[in-house]
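**Q** Everything below, folded, please.
(one chain, ligands or ions: 1)
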Amino acid sequence: MIVHKRKVVLVGAGMVGMSFAYSALNQAICDELVLVDIDRKRAQGEAMDLNHGVAFSPSSMKIYAGGYEDASDADIVVICAGVNQKPGESRLELLQRNTQVFGSIIEPVVRSGFSGIFLVATNPVDIMTRVAYELSGFNSNRVFGTGTTLDTARLRYLLGEYFSVDPRNMHAYVIGEHGDSEFVPWSQAMLATKSVVDICEQSGGKFCVEEMQRISTQVREAAQKIIEAKKATYYGIGMAMSRIVRAVFSGENSVLTVSARLRGEYGQKDVYAGVPCLVNRNGVDRLLELNLTEEERKLFADSCNILQENYEGISL
Ligand code: NAD
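**A** Predicted structure coming up:
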């Protein structure tokens, strides 16, 4: 019997990378996990530490520290390498430093013969994903980023709290840049199949649209608040990455707001931004274009313009 092993190479064994690795182990997301880091000793220590937990996990995952050559037969290369966001520092300010880091990663991965999927989490994630796309030369369905997956999860959680409804029945998305210009297209936000705007208007004052604005601000500022309190965010994004990788390996056709390359959708081209996409074994199988209002299309265009301008400022 030939059994295909689900193999992931994780580049960047820092807080985000190891949060992903820890949740992947606990959820048995893959069969083989290779940790690659410029700090080889750190990757070795992390591999040892995780291996000692295998006996307590639902998985018999093979975990070891390796190099880029290990990507040759991998299904997914997850990139979390880079420098961390400092208090007060915008995600876009990280751009130049992290572009250099990517130069040293993508080229040897591609040279190994890797023919799988790149999943990028390094910030600013939309631009770094575009950098990975350009440097790899891969088809864009095989290069995508975590985008606004975590922001969307935060939004659905807060909406669930507000309406006292299971977040899984709240269907709403954060789209655009994973950062300051991201926004919620409220015209597309539903509680089951009912528009939340209609619910607010018909609730006789019990629920209000102003509260929706407060919730979207809370989502947008969440990362900065966590950074102020504990210097970095990692558990949530690590779990979001596990969720995405599971959607790929299980061929789920799940809708996730990953960072994907726009090819005319919403009137945008080439730029990478967080939008609802169907994710399966092909990576981003397709983008599901939302029916945005004029105002929402303008907000989306503004967000894409910011991403485009910043991308144009870098030399690959
Ligand atoms: P960290 O400093 O803990 O880890 C980064 C790791 O990258 C370190 O182990 C470092 O040695 C490694 N590294 C640096 N340069 C490298 C290179 N050239 N090759 C290989 N490895 C290299 O940082 P972190 O908290 O894990 O954050 C990692 C990235 O994830 C940051 O860019 C951060 O902003 C981003 N992040 C993204 C999201 C999101 O929603 N997408 C959320 C949180 C953090």
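**Q** use CA for all of it now, contacts and neighbours both
**A** OK.
**Q** what does this protein have sitting close to the ligand?
**A** Within reach of the ligand by CA under 6 Å from any ligand atom, the chain has these residues: 11-17, 37-39, 80-85, 101, 104, 121-123, 125, 146, 232-234, 237.
**Q** Just the ones of these in strands?
**A** V11 (DSSP state E).
**Q** And the buried ones among the residues of the chain next to the ligand, selectable in ChimeraX?
**A** Provided next is the ChimeraX selection string for whichever of the residues of the chain next to the ligand are buried by 16 or more other CA atoms under 10 Å:
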select :11,12,13,14,15,16,17,37,80,81,82,84,85,121,122,123,125,146,232,233,234,237
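**Q** what's the spacing between stretch 212-220 and its chain's center?
**A** The chain centroid and the centroid of stretch 212-220 are separated by 19 Å under CA atoms, centre = their mean, to the nearest Å.
**Q** Quick one: residues in contact with that stretch.
**A** Contacts with stretch 212-220, where a contact means CA atoms under 8 Å, 6 or more residues apart in numbering, come from D151, R154, L155, L158, L159, G179, D180, E182, F183, V184.
**Q** 10 Å instead, please
**A** For stretch 212-220, the external contacting residues (CA atoms under 10 Å, 6 or more residues apart in numbering) are 150-159, 162, 174, 178-186, 196-197, 200, 209, 211, 221-222, 225.
**Q** Name only those of those that count as buried.
**A** With burial judged by 16+ other CA under 10 Å, the buried subset of the contacts of stretch 212-220 is 150-159, 174, 178-179, 181-186, 196-197, 200, 209.
**Q** What mean pLDDT does stretch 124-143 get?
**A** Across stretch 124-143, pLDDT averages out at 97.
**Q** swap in stretch 41-57?
**A** Averaged over stretch 41-57, pLDDT sits at 97.
**Q** Tell me which residue lies farthest from the centre of the chain.
**A** If you look at how far each residue of the chain sits from its centre, by CA atoms, centre = their mean, the farthest one is G204, at 37.8 Å.
**Q** Now do the contacts for that residue.
**A** Shown in contact with G204 (CA under 10 Å, 6+ apart): no residues.
**Q** returning to what we had before: can you flag which of the buried ones among the contacts of stretch 212-220 belong to helices?
**A** In helices, defined here by DSSP state H, the members of the buried ones among the contacts of stretch 212-220 are 150-159, 196-197, 200, 209.
**Q** In terms of model confidence, name the weakest of these.
**A** Scanning those for pLDDT, the smallest score is found at V209, 91.
**Q** That residue is in contact with W186, isn't it?
**A** Yes - V209 lies in contact with W186 (CA atoms under 10 Å); the separation is 9.4 Å.
**Q** returning to that earlier point: ok, the ones in helices among the buried ones among the contacts of stretch 212-220 vs the ligand, which is closest?
**A** Using CA to the nearest ligand atom, L150 comes nearest to the ligand of those, at 6.3 Å.
**Q** picking that back up, can you list residues touching both of V209 and W186?
**A** V196, V197.
**Q** what about the strands in the stretch 201-316 of the chain?
**A** With strands called from DSSP state E, counting those that start in this stretch, the stretch 201-316 of the chain shows them at 254-256, 259-263, 269-274, 277-280, 283-287.
**Q** Who are the contact partners of A247?
**A** Contacts of A247 (CA under 10 Å, 6+ apart): I29, M241, N253, S254, V255, L256, L278, V279, N280, R281, G283.
**Q** if you set the cut-off to 8 Å instead, what comes out?
**A** Shown in contact with A247 (CA under 8 Å, 6+ apart): N253, S254, V279, N280, R281.
**Q** Relative to Q44, which of the residues you listed is nearest.
**A** Within the contacts of A247, distances to Q44 taken as CA to CA reach their minimum at R281, with 29.7 Å.
**Q** what's the closest one in contact with, if anything?
**A** Counting by CA under 8 Å, 6+ apart, R281 has contacts A247, V248, F249, S250, G251, E252.
**Q** and if you look at A71?
**A** Applying CA under 8 Å, 6+ apart, one finds that A71 lies in contact with V9, V77, V109, S112, G113, F114.
**Q** Quick check: the gap between the closest residue to the last one other than its chain neighbours and L33.
**A** So the one you mean is F114. The shortest distance from F114 to any residue other than its chain neighbours is 4.4 Å, reached at S72 (CA to CA, 6 or more residues apart in numbering). From S72 across to L33, the span is 13 Å (CA to CA, to the nearest Å).
**Q** between those two, which one's more packed in?
**A** L33 (26 against 17; other CA atoms under 10 Å).
**Q** Please work out the average pLDDT along the helix or strand encompassing that one.
**A** Assigned by DSSP states H and E, L33 belongs to strand 32-36. For strand 32-36, mean pLDDT rounds to 98.
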